[in-house]
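Undergrad: what would the 3D arrangement of this be:
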Amino acid sequence: MKNAGRVSACVKRTGYLSLLAVSVSLGAALLSSVFIMILRTAHPMLFSLTRYPLLFILIPAIGLMIAQFVSRRWAQGVKGHGVPEIQYSVRDRGSVIPVRGAAAKTLSSLITILAGGSAGQAGPVALIGAVTGSAFGNLLHLQRQERMILIGSGVAAAITVLFHTPVTAVLFTLELIYISYSVCAIIPLIISTAVIFWSLSTAGLSYPLIPLEPAISLSPAFIVAVFLTVIFSSLIVWGWGKVQFGIESFFIRSTIPQALEAFIAGLFVGLLSLLSYRTSGTDMVSAADTAFLTQLFQGSFSSPLILLLLLAMKFIANPLTLGAGGSGGVFAPSLFLGASAGFVIAGSIALFLPLSFDAVLLCTLVGMSSVLAGVSGAVFTAIVLASEMTGSISSLLVVACGTGISVLFTRRMNKDTFYSAKLKKNESERGEDR
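TA: Predicted coordinates:
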């Protein structure tokens, strides 16, 4: 009888939390949609004056300076790139996220990306979803574990809105946000995410971002291309981590005024944006990474050399943006770097060996998933995202094999992922502040 009573109480509590999770998800989806809509509308308008090259350089510089001031003035307690801050709040702060700091960090991210800074949107929208769940839980005086469930539901809703990938959103939350979970914690997450995806479907927005179904042919050239893509992706994760934290440490040790640091870094990012525009006809340094992926998979880029140049520019621009005080994420930029890596390797091999365009696209998916898995540590999220974002089920096994091998190489070179390294660094800084 006691066990039956416990089960009944658990079912009732799960039902109650599911209703709360749906409410949080709807709020998080609405706020995330506003954030994304502002960026997609205002950013192209701001950079539409392409006949004035000086704007490409000055706007990022001024924007980074303002974003850095906002973060320093009002978001001192929010030191992550979005996801690490959520992880810290869930693990060490009792699933409580300061609303003021998160709002300032979101505003800083909006200014950074809007002004042409090279930063991803996934981190900021995840923070929007997380703070919505945290605020809701605090308002209702919920327990820590229950607040964690609402934070996860908000994060999953935001990721679903951004990438149209509900399964990936659930896996992202389970792998990166939840400390531990049971069936009673997973059910509200799944129900609330399903409601958001159903809402997107009703609005006609549930389609894959990049519809794709490449044919698989395991030729020797394709196997070589996948293996080289895996190696190249692992090297990118290792090198990008060194550059990312090296630039951040340089700015921390620098005696230059922080505003001037941000302005100078913004000038370099602007120069890279202008170079990207002159090289490829489009500014891919500051453009939304999903827009780049769409063009890449549609065949807009045919030259591996151009892709290699764009990869190198993004490789430097994102650490410069974040290291100098700009706000944003590394999740989406890792998709950019990985996809570029796969296309560069497979496209180069296709110049000399018989390799179809479908095979090149598959290597691009392998690279995209491999770099994301190495950067975030969320292996299942990375694998499923590559398949769900494109609607390609047939590519799942190839992507999973390539990503698994890449993660083994990456772990040999880096013990920590970007998120775990950033989390440790922030915890160390907070300890010193005390």
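
Undergrad: if you drop the residues flanking it in sequence, what lies closest to residue 374?
TA: The shortest distance from residue 374 to any non-neighbouring residue, by CB to CB, 6 or more residues apart in numbering, is to residue 237 (3.5 Å). Every residue, glycine included, has its C-beta placed from N, CA and C.

Undergrad: looks like the one you found contacts residue 376 (just checking).
TA: No - the pair residue 237 / residue 376 is not scored as a contact, 10.1 Å apart, by CB atoms under 8 Å.

Undergrad: so which strand or helix has the residue nearest to residue 374?
TA: helix 220-253 (DSSP states H and E).

Undergrad: which strands and helices sit next to that helix?
TA: helix 304-323, helix 331-350, helix 357-376, helix 396-413, helix 418-433 (3 or more CB pairs under 8 Å, 6 or more residues apart in numbering; DSSP states H and E).

Undergrad: show me what counts as buried in that helix.
TA: 221-222, 225-226, 228-234, 236-238, 240-241, 243-245, 247-248, 251 (16 or more other CB atoms under 10 Å).

Undergrad: that one: what's the following helix or strand?
TA: helix 258-280.

Undergrad: how close does the spatially most central residue of the chain get to residue 351?
TA: Centroid check for the chain by CA atoms, centre = their mean gives residue 331 as the closest residue, at 2.2 Å. Here the distance between residue 331 and residue 351 works out to 32 Å (CB to CB, to the nearest Å).

Undergrad: so, low pLDDT: which residues of the protein?
TA: Scanning the chain for pLDDT under 70 picks out the ranges 1-10, 47-51, 76-81, 206-207, 215, 287-289, 426-434.

Undergrad: residue 380 sits in which helix or strand?
TA: Residue 380 belongs to helix 379-390, assigned by DSSP H and E.

Undergrad: tell me who's in contact with residue 75.
TA: Neighbouring residues of residue 75 by CB atoms under 8 Å, 6 or more residues apart in numbering: 101, 102, 104, 105, 108, 327.

Undergrad: kindly recompute the last result at 10 Å.
TA: 85, 98, 100-109, 327 (CB atoms under 10 Å, 6 or more residues apart in numbering).

Undergrad: and for residue 111?
TA: Applying CB under 10 Å, 6+ apart, we find residue 111 in contact with 62-71, 117, 326-327.

Undergrad: hmm, back to that, does the residue nearest to residue 374 touch residue 337 like I think?
TA: Yes - Residue 237 lies in contact with residue 337 (CB atoms under 10 Å); the separation is 8.5 Å.

Undergrad: thinking again about what came up before, do you know which of the helices and strands packed on helix 220-253 lies nearest residue 145?
TA: Taking CB to CB, helix 418-433 is the member of those nearest to residue 145, at 20.2 Å.

Undergrad: burial of residue 142, as a residue count?
TA: Applying other CB atoms under 10 Å, we find 19 residues neighbouring residue 142.

Undergrad: returning to that earlier point: buried subset of the contacts of residue 75 as a PyMOL selection?
TA: A single PyMOL command is used to select the members of these judged buried by 16+ other CB under 10 Å:
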select buried, resi 85+98+101+102+103+104+105+106+107+108+109+327
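
Undergrad: of the contacts of residue 75, which belong to strands?
TA: Using DSSP state E, no member of the contacts of residue 75 falls in strands.

Undergrad: distance to residue 29 added to the contacts of residue 75, as CSV?
TA: Conversion of the contacts of residue 75 to CSV gives the following (distance: CB to CB, whole Å):
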residue, distance to residue 29
85, 20
98, 22
100, 22
101, 22
102, 17
103, 18
104, 22
105, 19
106, 15
107, 19
108, 22
109, 18
327, 21
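
Undergrad: between the contacts of residue 75, which is nearest residue 361?
TA: residue 109 (30.8 Å).

Undergrad: and that closest one, how far from residue 156?
TA: Counting by CB to CB - residue 109 and residue 156 are separated by 19 Å.

Undergrad: residue 278 now?
TA: 40 Å.

Undergrad: coming back round to it: residue contacts, the residue nearest to residue 374?
TA: Applying CB under 10 Å, 6+ apart, we find residue 237 in contact with 334, 337-338, 341, 370-375, 406-407, 409-410, 413-414, 417-418.

Undergrad: for ChimeraX, what selects the buried ones among these?
TA: Here is the ChimeraX selection string for the buried members of the contacts of residue 237, based on 16+ other CB under 10 Å:
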select :334,337,338,341,370,371,372,373,374,375,406,407,409,410,414,417,418
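
Undergrad: residue contacts, residue 340?
TA: 232, 236, 284, 292-293, 296, 301, 304, 306-312, 314-315, 364, 367-368, 371.

Undergrad: kindly report the same for residue 263.
TA: 58, 60, 61, 62, 63, 64, 65, 68, 256, 257, 324.

Undergrad: that older thread, filter the contacts of residue 340 down to the buried ones and hand me the ChimeraX line.
TA: Command for ChimeraX, covering only those of the contacts of residue 340 found buried under the criterion 16+ other CB under 10 Å:
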select :232,236,284,292,293,296,301,304,306,307,308,309,310,311,314,315,364,367,368,371
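
Undergrad: which residues do residue 237 and residue 376 both contact?
TA: 334, 417, 418.

Undergrad: and the second one, how far from residue 377?
TA: Residue 417 is 4 Å from residue 377, where distance means CB to CB.

Undergrad: now for the two: what residues contact both?
TA: Common contact partners of residue 417 and residue 377 (CB under 10 Å, 6+ apart): 176, 407, 410, 411.

Undergrad: residue contacts, the first one?
TA: Under the criterion of CB under 10 Å, 6+ apart, the neighbours of residue 176 are 83-84, 86-87, 90, 126, 152, 155, 331, 376-378, 381, 417, 419-420.

Undergrad: residue 98 versus that one, what's the distance?
TA: For residue 176, the distance to residue 98 equals 20 Å [CB to CB].

Undergrad: which of the contacts of residue 111 lies closest to residue 356?
TA: residue 117 (37.2 Å).

Undergrad: number of residues surrounding that closest one?
TA: Neighbour number of residue 117 under other CB under 10 Å is 34.

Undergrad: can you pull the contacts of it?
TA: Shown here is residue 117, whose contacts under the criterion CB under 10 Å, 6+ apart are 59-61, 63-64, 67, 108-109, 111, 262, 265-266, 269-270, 273, 285-286, 317-318, 320-322, 324-328.

Undergrad: helix/strand/coil for it?
TA: In three-state terms, and counting by DSSP: H, G, I helix; E, B strand; the rest coil, residue 117 is coil.
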